[in-house]
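>>> the following comprises the amino acid sequence and a computationally predicted model.
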Amino acid sequence: AMQGVTTMLELESGILPINSWYDSQGKKNLPINYGAAAAWTYARIATFSNTDPIATMAYFQDAQKDTDWKMNLATPEQQKKIMSYVQEGLDQGGLGIGINAGYAPGNGVKEYYALAEMAAKNDVATFTHVRYASNTEPKGSFEAVKELISNAALTGAHMHVCHINSTSLKDIESTLALITAAKKKGYNITVGAYPYGAAMTVVGAAMFTTPGWRDRMGSTAENFQLNTKRLTEAELADYQKNKPGTFIVWHFLDESNPEDLALLDMSILDPNILIESDEVFWMEMDEHGDITNYEGDEWPLPEGSFTHPRSNGTFAKVLRSYVRERGLLTLNEAIRKMSLMPAQTMEGFVPQMKKKGRIQIGMDADIVVFDPNTIADVGTYADPNHPAVGVSTVIVNGVLVVENEKLITSAAPGQAIRRPVTK
């Protein structure tokens, strides 16, 4: 809320069970609106481990020690079970299908295609972290985006590419050319990106453990950051072996390098690409170096809490860097990318989104007042626990959440964003 966010949606990963997640969120008295897609990865984990999915991040983190759900083809019986879990999530009001294909790149081409067919049949979108992130072929970023476009073209499904900046790495020019060609042909493709040259993910993700990943991704242990410290090779090996569910910041572009910054800018400035934060939860590290997910509701957040600075700075950074300081986007275009475009991406299958992203009579009173001359992201990779500045007022569903740049901790007007529940 401190950077002007009025609605937060978990779409790329999603969650299961949907009913359980919405029930738990509804008890939290949240200040902003919330919602989630049905999680294909959770369905895969549950199927391969013969467990019931649990609507927590810990369920996903704990599964990182296993490789079968990441790398194995599903049998026909397993695929049927996976699809059943996902369909149940849609029937319970999930906002589409979250396809974290990059975390389970060994899934079958037929399984991926079946998900696209399911999306088309249910008239929802898929929100996809594409199968590969690599500068080189085969199994490169270009191939992964091309696969998604092919599925959309053949099934008619609306398929959204999540954070194309981080999955394209340094091959962004080629993947954007694919997106442009697909849009010209009328395929229902939408795309998002965030304005950072680093991602955040689990250290044991499949993309960091498959043969040749260092050369393919241009990375070594030095590219991995845990809390404020870059990892050594020994530390990386230890975490991947013993704590693979640990979330780390992974630096794939150096924004201080003009050539790398230009690659990042390509994704942010493309008129077909909306801005998404890919926000990640906050964490704490104790004196022994053990990491725990922060699940409290303190404000300000406890000293020493950490995450990726995109979690509290994405939209403020766009307005600071791309609009005010570098003049690469107009203010109107930046606001369109951060508010209207996300609403339009989803309004065809999530009726509530027809009243979001616009200031008009009859629309929801989700309103942000900010100073374009002062709004800025403050958190950094080394010290992320600083909220953005320059947002004086945030109103959610007609209720003040931020006033005079201060969070009103008693405000709880957040509402569930959810498709109709059919079962």
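Looks like it arrived, so ask away.

>>> Val249: helix or strand, and which one exactly?
strand 247-251 (DSSP states H and E).

>>> helices and strands around that strand, which ones?
strand 198-202, strand 224-226 (3 or more C-beta pairs under 8 Å, 6 or more residues apart in numbering; DSSP states H and E). All C-beta spots, glycine's among them, are computed from the backbone N, C-alpha and C.

>>> any chance of those strands in JSON lines, plus mean pLDDT, mean neighbour count and distance to Ala376?
Formatted as JSON lines, these follow (pLDDT from 0 to 100; neighbours: other C-beta atoms under 10 Å; distance: least, C-beta to C-beta, whole Å):
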{"stretch": "strand 198-202", "mean pLDDT": "98", "mean neighbour count": "22", "distance to Ala376": "19"}
{"stretch": "strand 224-226", "mean pLDDT": "97", "mean neighbour count": "22", "distance to Ala376": "22"}
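
>>> would CSV of the ones you listed with distance to Lys356 be doable?
Shown next, in CSV, are these (distance: least, C-beta to C-beta, whole Å):
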stretch, distance to Lys356
strand 198-202, 26
strand 224-226, 34
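
>>> nearest to Leu236, of those strands?
Distance to Leu236, taken as C-beta to C-beta, is lowest for strand 224-226 among the helices and strands packed on strand 247-251, at 5.8 Å.

>>> re the thing from before, which of the helices and strands packed on strand 247-251 sits closest to Asp260?
Once these are compared by C-beta to C-beta, strand 198-202 is nearest, at 11.0 Å.

>>> direction included, what does that closest one pair against?
Using DSSP bridges, the strands paired with strand 198-202 are strand 247-251 (antiparallel).

>>> quick check: next helix or strand after the partner strand?
Counting by DSSP H and E, what follows strand 247-251 is helix 258-269.

>>> what is the burial count for the closest residue in space to Ala411 that isn't next to it in sequence?
Nearest non-adjacent residue to Ala411, counting by C-beta to C-beta, 6 or more residues apart in numbering: Val401, 4.7 Å away. Counted with other C-beta atoms under 10 Å, residues neighbouring Val401 total 25.

>>> quick one: secondary structure of Val401?
Following DSSP: H, G, I helix; E, B strand; the rest coil, Val401 is assigned to strand.

>>> got it, and the one 10 residues further on?
Secondary structure assignment for Ala411 (three-state DSSP): coil.

>>> my guess is it meets Gly398, correct?
No: the pair Ala411 / Gly398 is not scored as a contact, 11.1 Å apart, by C-beta atoms under 8 Å.

>>> more neighbours: those two, which one.
Ala411 (20 against 10).

>>> give me every residue that touches the more buried one.
By C-beta atoms under 8 Å, 6 or more residues apart in numbering, the residues touching Ala411 are Pro31, Val396, Val399, Leu400, Val401.

>>> over to Gly108?
Taking C-beta under 8 Å, 6+ apart as the test, what Gly108 contacts is Leu73, Ala74, Gln79.

>>> quick one, phi/psi of it?
phi -70, psi 150 (degrees, to the nearest 10).

>>> now do it, the pLDDT please.
pLDDT recorded at Gly108 is 97.

>>> tell me how far it lies from Tyr42.
When C-beta to C-beta, to the nearest Å is the yardstick, Gly108 and Tyr42 sit 18 Å from each other.

>>> determine how far the last residue of stretch 395-415 lies from the first.
13 Å (C-alpha to C-alpha, to the nearest Å).

>>> kindly report the same for stretch 113-129.
Start-to-end, stretch 113-129 (C-alpha to C-alpha) is 15 Å.

>>> so for it, what gets flagged as buried?
Within stretch 113-129, the residues that qualify as buried are 113-120, 122, 124-129, counting by 16 or more other C-beta atoms under 10 Å.

>>> now do stretch 255-265
Buried residues in stretch 255-265, counted by 16+ other C-beta under 10 Å: Glu255, Leu261, Leu263, Leu264, Asp265.

>>> as a markdown table, these with distance to Ser134 and pLDDT would be great.
Below are the buried residues of stretch 255-265 laid out as a markdown table (distance: C-beta to C-beta, whole Å; pLDDT from 0 to 100):
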| residue | distance to Ser134 | pLDDT |
| --- | --- | --- |
| Glu255 | 21 | 97 |
| Leu261 | 21 | 98 |
| Leu263 | 15 | 98 |
| Leu264 | 18 | 98 |
| Asp265 | 21 | 98 |
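
>>> could I get these as CSV with distance to Ala63?
Shown next, in CSV, are the buried residues of stretch 255-265 (distance: C-beta to C-beta, whole Å):
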residue, distance to Ala63
Glu255, 32
Leu261, 35
Leu263, 32
Leu264, 31
Asp265, 36
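
>>> contacting residues around the spatially most central residue of the chain?
Centrality entry for the chain: nearest residue to the mean C-alpha point is Asp278, 3.2 Å, by C-alpha atoms, centre = their mean. Taking C-beta under 8 Å, 6+ apart as the criterion, Asp278 is in contact with Glu12, Cys162, His163, Ser166, Tyr194, Ala199, Met200, His308, Arg310, Thr314.

>>> just the buried residues of these.
Using 16+ other C-beta under 10 Å, the buried ones in the contacts of Asp278 are Glu12, Cys162, His163, Ser166, Tyr194, Ala199, Met200, His308, Arg310, Thr314.
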